[in-house]
Each structure stands twice: as structure tokens, then as C-alpha cells.
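A.B. asks: Here's a sequence, model it:
(2 chains)
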Amino acid sequence: GENVEQHPSTLSVQEGDSAVIKCTYSDSASNYFPWYKQELGKGPQLIIDIRSNVGEKKDQRIAVTLNKTAKHFSLHITETQPEDSAVYFCAAPTSGGSYIPTFGRGTSLIVHP
Amino acid sequence: DTEVTQTPKHLVMGMTNKKSLKCEQHMGHRAMYWYKQKAKKPPELMFVYSYEKLSINESVPSRFSPECPNSSLLNLHLHALQPEDSALYLCASTHRDSSRGEQFFGPGTRLTVL
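C.D. replies: Next up is the predicted model:
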């Protein structure tokens, strides 16, 4: 099955700095990589995703890069703001017919004003 | 409507109680999921329904009983729970169980078992 490693577990930055969270996966057949943001007391919310036929995707201040050869993908947040503070999860699908995401362990991002 | 709703938001129950969690979506999604999430951990899959049929049960104890009455509704019936079952219970849906696409999560039900 799929194994997803996520680093770091905690990331503390100053407002305006950039933040980078990295994930590696094990199954070379994986082809869809979402990132979720989970604020305190809420369910995870998809913020960006990337499919294996592209190397980078950007949406305003967030971007995701994918290196299929190395089997890793990263979330980049620029010009961080206090409201970016949350837990971020990466995921990759397990192999098989049903879509079952395997989640990384999560990164707690703290943005200090 | 791109929303998954869950009720109740909070639930406190004793170990002898019977209660139910409810999840609803009106996006026409045909795959619905129950997850359990402990603090500072990722969601942990419990059940998957595909076209209203149970397709995956991740060896969940029988004190948790899922039900999918129709394509928009998912229930989780709880009976004789243990304190270690206290967690955030999340419902999610996707277009089809085989589609690699956005999985929409509900806000969750915070369950406390006394």
C-alpha cells in the first residue's frame, strides 16, 4: 500500500515569510496529490491539488510542486498571514479501484504576526 | 451546493447509550466516507459507501454501525462505546469512489464518551 511521509511536523514562521511543507510517497502509480488545510474545530478543506501529468500548480499565494522521479511533492505558501495558521495534510491515493487517500501525519503551521 | 453537513456538532454520551451521527450532501456524489480523527493525527478511514453499498470496512468494531439510506445521506449508529472512542468523526464524499478528485469533508462531530 501507499506510504506518505510528511515533514516538518511543526513549522513556525513570521508573517510575510514563506513556508514549505514536503511529502514523499512510495507508490509510483499514484497520480493525484491533494493538500488539505484543517483549522481548529473544522474538517479538512482542500486547498490545492496536483495530478501526475504536471510538475507545478499555483493558486495565488499557494503552489504545489511534484517530482515524480523522486516521488515527492511540496506545498509552498508565500507571504504568510496569521490566518494561514492551521494543520496541513498531504495525501496520495492507495492503489486499487476505490479512491482511498493515505494522509501524511500533518504539519502544524504557526504564523506569528 | 458544495457542502457536506454533519449533525450534531458535539455529542456527549455514556457507555450504555445509543446515538447516531448524520451526514448529508447534495452534490450528487456517489461515494461517502466515515473517518475518525484523534487530536494532532490525520483522519483514519472507517467505512466507505459506494452507490449506497458498503464497499470498505476497515475492521471497525461492531459498536459502530454505518447506514446509507439514500445517495445523499450517511448515518453512523453508535452503541456501547468506550472512552477511547472519543474523537472527531468526519464524513466526506467524492464524485465516485474510483475518481481521483476532490474529497469534500464535513465539519465533523466532536464525540465525547464518558
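A.B. asks: what does chain B put close to chain A?
C.D. replies: Neighbours of chain A within chain B, by Cβ under 8 Å from any Cβ of the partner chain: B:4, B:6, B:31, B:40-43, B:45, B:48, B:50, B:55-56, B:90, B:92, B:94, B:96-108, B:110. C-beta here means a position set from N, CA and C on the backbone, and glycine is covered the same way.
A.B. asks: Just the buried subset of these, please.
C.D. replies: Buried members of the residues of chain B next to chain A, counted by 16 or more other Cβ atoms under 10 Å in any protein chain shown: B:4, B:6, B:31, B:42-43, B:45, B:48, B:50, B:56, B:90, B:92, B:94, B:97, B:100-108, B:110.
A.B. asks: from those, which ones fall inside strands?
C.D. replies: B:4, B:6, B:31, B:45, B:48, B:50, B:56, B:90, B:92, B:94, B:104-105, B:110 (DSSP state E).
A.B. asks: Which two among those are spaced furthest apart?
C.D. replies: Farthest pair in these (Cβ to Cβ) is B:Ser50 and B:Arg110. Separation: 27.2 Å.
A.B. asks: list the contacts for B:Ser50?
C.D. replies: By Cβ atoms under 8 Å, 6 or more residues apart in numbering or on different chains, the contact set of B:Ser50 is A:98, B:30-31, B:96-97.
A.B. asks: swap in A:Thr102?
C.D. replies: Shown in contact with A:Thr102 (Cβ under 8 Å, 6+ apart): A:1-4, A:25, A:91-94.
A.B. asks: Now tabulate those residues in JSON lines and tack on distance to A:Thr65 and neighbour count.
C.D. replies: Converted to JSON lines, the contacts of A:Thr102 look like this (distance: Cβ to Cβ, whole Å; neighbours: other Cβ atoms under 10 Å in any protein chain shown):
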{"residue": "A:Gly1", "distance to A:Thr65": "24", "neighbour count": "9"}
{"residue": "A:Glu2", "distance to A:Thr65": "19", "neighbour count": "18"}
{"residue": "A:Asn3", "distance to A:Thr65": "20", "neighbour count": "12"}
{"residue": "A:Val4", "distance to A:Thr65": "16", "neighbour count": "23"}
{"residue": "A:Tyr25", "distance to A:Thr65": "14", "neighbour count": "22"}
{"residue": "A:Ala91", "distance to A:Thr65": "16", "neighbour count": "27"}
{"residue": "A:Ala92", "distance to A:Thr65": "15", "neighbour count": "26"}
{"residue": "A:Pro93", "distance to A:Thr65": "18", "neighbour count": "20"}
{"residue": "A:Thr94", "distance to A:Thr65": "22", "neighbour count": "18"}
